[in-house]
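In: Predicted coordinates and the sequence they were generated for:
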Amino acid sequence: MNPDLIVFDIGNVLLGFDPDRVARNLDRIEPGKGPAVVRDIWDGPWMNRLETGKIGGRQLFDHVRRRHGLKLTQAAFLRAFCDIFRPLKENLALFRRWTRVGRVALLSNVCEVHWTYIRRRYPVLKRAQVPCASFELGIMKPDVRAYRAVAERSGVPLRRMAYVDDRAEFIQAGRRLGMTAIHYTGDRPLSDLFREAGVVPNGN
């Protein structure tokens, strides 16, 4: 397939992430508080609210400060909350190459705080011509409206897109919509998966 648009997820495709780092970061500031805060955020409704744009970093900080009796500043909390990412260098290099030869989109379940942080920390992500973040869309994968938003913003039909994600349920949703979807689990190089799927830049 020669796609008109390559759609990349971010988490565990371009950047690895570890929420437990938030706990470790917070424990260095306020010992013993980190694990409970992380469970509260990730096991409760808060990440969904963040990643659909219903609340922002200030509201999250106000909640955890009150509930867990934190003494740290909002700035310190947000630094701890954002320091969870690491670059998947080979995949980022592949992403960069794709941006040079074709159109590229990002479709990620991500909150505004993390989105701002990773685009500043990893500016290569700004090369995506069609950036789609769930907090801006107000919806999250696997909601079909998230995938259709990429088509609306890019002007490319879903059947003309190749899409890579680490979550099987998100891949299945994409395939049901006609996308050429590539499931990346980290066991094999992403470049090999593209090659096996016959995905090459349009016109090349």
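Out: It's in.
In: So in terms of bridging, what pairs with L5?
Out: M161 (DSSP bridges).
In: Hmm, it is touching V104, no?
Out: Yes - counting by Cβ atoms under 8 Å, L5 does reach V104; the two are 7.2 Å apart. (Glycine included, C-beta is placed from N, CA and C.)
In: Overlap in contacts, those two.
Out: Contact with both L5 and V104 is made by residues V130, according to Cβ atoms under 8 Å, 6 or more residues apart in numbering.
In: where's F135, which helix or strand?
Out: For F135, the host element (DSSP states H and E) is helix 134-137.
In: so what does the host helix or strand of Y163 touch, helix or strand wise?
Out: Using DSSP H and E, Y163 maps to strand 161-165. Applying 3 or more Cβ pairs under 8 Å, 6 or more residues apart in numbering; DSSP states H and E, we find strand 161-165 packed against strand 5-8, helix 144-154, helix 168-176, strand 180-183, helix 190-196.
In: go with 7 Å
Out: strand 5-8, strand 180-183 (3 or more Cβ pairs under 7 Å, 6 or more residues apart in numbering; DSSP states H and E).
In: Do you have the helices of this structure handy? List them.
Out: 20-29, 34-43, 46-51, 57-68, 74-82, 89-101, 112-121, 134-137, 144-154, 168-176, 190-196 (DSSP state H).
In: Tell me where the protein is predicted with low confidence.
Out: Low-confidence segments of the chain (pLDDT under 70): 201-204.
In: per-domain residue ranges of it.
Out: Residue ranges for the domains of the chain, per automatic domain parsing: 5-16+86-196, 19-82.
In: Of the helices and strands packed on strand 161-165, which is nearest L14?
Out: strand 5-8 (6.0 Å; Cβ to Cβ).
In: So what's the gap between the closest one and the chain middle?
Out: 13 Å (Cα atoms, centre = their mean, to the nearest Å).
In: other SSEs contacting it?
Out: In terms of contacts (3+ Cβ pairs under 7 Å, 6+ apart), strand 5-8 is packed against strand 104-108, strand 161-165.
In: I'd assumed Y163 was in contact with G174.
Out: Yes - using Cβ atoms under 7 Å, G174 is in contact with Y163, at 4.7 Å.
In: Now do the shared contacts for those two.
Out: Among the neighbours of G174, those also in contact with Y163 (Cβ atoms under 7 Å, 6 or more residues apart in numbering) are A181.
In: May I have the phi/psi pair for P19?
Out: Main-chain dihedrals, P19, degrees, to the nearest 10: phi -60, psi -30.
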